[in-house]
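Asker: Sequence first, then the predicted structure, then my questions.
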Amino acid sequence: MSDRLLLCSNRLKLFADATVGMDAAVKSGFISKVWIDDANTRSASRRLSVFSSQKSSCMSVSFGRPHVDQQSQEMKVSYIKSAAHSVGMSTYAETAIGSYPHAADEKIGVLLLNLGGPESLVDVQPFLFNLFADPDIIRLPRLFQFLQKPLAQLISVLRAAKSREGYAAIGGGSPLRRITYEQAHALKCALEAKEISAIVYVAMRYWYPFTDEALQQIKRDKITRLVVLPLYPQFSISTTGSSVRVLQNAFREDAYLSQLPVSIIQSWYWRPGYIKSMADLIQKELESFSKPEEAIIFFSAHGVPVSYVEEAGDPYKDQMEDCIALIMLELKSRGVFNDHILAYQSRVGPVQWLKPYTDEALVELGQKGVKSLVAVPVSFVSEHIETLEEIDMEYRELAIESGIENWARAPTLNCTSSFIIDLADAVVEALPSATAMSTASSKSKDADQDPINYFIKMLFGSILAFALLFFPKLITAFKNRLLI
Ligand SMILES: C=CC1=C(C)c2cc3[nH]c(cc4nc(cc5[nH]c(cc1n2)c(C)c5CCC(=O)O)C(CCC(=O)O)=C4C)c(C)c3C=C
Ligand SMILES: [Fe+2]
């Protein structure tokens, strides 16, 4: 009874014994945060770290007692496991805690999931078509899914000129493929340093190398155990959710893959190695200012439409806020007490996206007299068009015009060694719980189940799609007025 824990969640807050309370709390299914309330809890904390990664993708472990602000922050953390299930994914096996004893007999694969990007300006429109043809990016009611491809064709053609300008400004193509392969190589080396021999594969969602290519290679290599690691720290239906759906479909249809033990790491923004690596980058950037303490830390995350969060239960916003809180806690523990803000960038189309919008927030800060700012891209771990063009060019210019005099941008993590080592740890922790992927059909808890919402979407979706397809003049109006 010496190890006492304070367990906080959105439904439950209690003091408990380190072992009994932990297991009971986990079984109750509502734990999102554990505070270790006693300094002498080394063994408990080790167990907690392991089970936090295995039982719940959002649960994190901290030491000491939360003060009031932290506590209310933690209470906001939502329970990710239910959200992951709502998009039909298998999570870690319920019983797997402990080390993985059979590594030597296995042929281990790690599959990195990423978005992909056009490698030349000619690729831009077909890449955009693939992106907009994804039902997790443009979410149509089921009855109208036959419009998905015509709409994708239309929107990709309309968007292509603007996108091409962006890719031209960063050298004519996306660096994502190159950087992801560098990360794959670094991860392989980090695993080798931990005496795990693994082949690391790359599967892009919208451009080469596509998921299918990676899966064919996995089969040829006769991999016997696979860890799936999305290169998105936070889970979103539009990113990890979409890639995992593609994987599930492929696994369901293939005799070999459907039997292959797989662990999917749903999200990992809470991992101490990632949080520390982000804090390192920010701290280093702050030191480039003559008065570091005056600079605002401006976290800029890729946005998603509000409906993803409010109607489809996307945990992305909650995870993003939790992630920022953890980075700021880490910075505070290092004596860095700068103000910070989280805003969302890269919105596309006419719907409401998560707010505040990065461009509007920058103007507002300038108007308030802020003079120094460090921009921190936070939803992605490699440089890409939205860091190199949108932040470094568009937002920088806007910030300077708005009166911000000292601008800096934290680089993305890319192959930072502390980050790659942490990813390797995540893989090692995930290995024991690999199980054959569930073939249960996904039960999406989305707005389609609400008949009124469904009817409204159906009506407006069909009017819009038919109008755009059959009245060319409307296309110009659509393009000019609706920001594509
Ligand atoms: C966590 C990261 C991302 C989320 C969430 C996300 C959602 C999302 N994106 C679009 C539309 C576009 N995204 C585009 C590029 C792009 N998106 C991400 C990441 C997230 N997207 C990355 C890393 C990239 C860049 C890839 C590269 O080539 O470097 C694009 C194309 C570029 C452009 O024209 O701006 C579009 C379009 C939507 C609609 C969406 C959520 C519904
Ligand atoms: Fe995007």
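Answerer: Okay, I see it. Ligands and ions are numbered 1, 2, ... in the order given.
Asker: make it CA atoms for all contacts and neighbour counts henceforth
Answerer: Fine.
Asker: mind saving the C-alpha coords of stretch 348-364 as PDB?
Answerer: Extracted in PDB, the C-alpha atoms of stretch 348-364 (Å, rounded to 0.1, in the frame of the first residue of the first chain):
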ATOM      1  CA  VAL A 348      -9.600  23.900 -47.600                       C
ATOM      2  CA  GLY A 349     -13.100  24.600 -48.800                       C
ATOM      3  CA  PRO A 350     -16.200  26.300 -47.500                       C
ATOM      4  CA  VAL A 351     -16.900  24.500 -44.200                       C
ATOM      5  CA  GLN A 352     -15.900  25.600 -40.700                       C
ATOM      6  CA  TRP A 353     -12.500  24.200 -39.600                       C
ATOM      7  CA  LEU A 354     -11.000  24.100 -36.100                       C
ATOM      8  CA  LYS A 355     -10.300  27.600 -34.800                       C
ATOM      9  CA  PRO A 356      -8.500  29.800 -34.200                       C
ATOM     10  CA  TYR A 357      -7.100  29.900 -37.700                       C
ATOM     11  CA  THR A 358      -3.400  30.500 -37.900                       C
ATOM     12  CA  ASP A 359      -3.600  33.500 -40.200                       C
ATOM     13  CA  GLU A 360      -6.200  35.300 -38.100                       C
ATOM     14  CA  ALA A 361      -4.400  34.500 -34.900                       C
ATOM     15  CA  LEU A 362      -1.100  36.000 -36.300                       C
ATOM     16  CA  VAL A 363      -2.800  39.200 -37.300                       C
ATOM     17  CA  GLU A 364      -4.500  39.500 -33.900                       C
END
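Asker: For the remainder of this discussion, apply numbering that starts at 59.
Answerer: Renumbered: residue one is now 59, and that last one reads stretch 406-422.
Asker: Now do that stretch: everything it contacts.
Answerer: Identification of contacts with stretch 406-422 by CA atoms under 8 Å, 6 or more residues apart in numbering yields 358, 361-365, 400-403, 405, 453, 456-457, 460, 540-542.
Asker: can you count the residues close to Asp278?
Answerer: Let me fix one detail, which is that residue 278 is Arg and not Asp. Residues near Arg278, counting by other CA atoms under 10 Å, number 9.
Asker: Pull up the gap between it and ligand 1, please.
Answerer: Distance from Arg278 to ligand 1, counting by CA to the nearest ligand atom, to the nearest Å: 29 Å.
Asker: Sort out for me which of the contacts of stretch 406-422 are in strands.
Answerer: 358, 400-403 (DSSP state E).
Asker: before we move on, the earlier item: I'd like to know which of the contacts of stretch 406-422 are buried.
Answerer: 358, 361-365, 400-403, 405, 453, 456-457, 460, 542 (16 or more other CA atoms under 10 Å).
Asker: Just name the closest of those to ligand 1, please.
Answerer: Nearest to ligand 1 out of these is Val362 (CA to the nearest ligand atom; 4.6 Å).
Asker: Test my guess that the closest one contacts Arg405.
Answerer: Yes. Shown here, Val362 and Arg405 form a contact pair, counting by CA atoms under 8 Å, at 7.2 Å.
Asker: near ligand 1, which residues of the protein show up?
Answerer: With the criterion set to CA under 6 Å from any ligand atom, the chain comes near ligand 1 through 174-176, 195, 221, 232, 234, 290, 294, 296-297, 360-363, 406, 437-438, 442-443.
Asker: Just the ones in helices from those residues, please.
Answerer: Applying DSSP state H to the residues of the chain next to ligand 1, the entries found in helices are 221, 234, 443.
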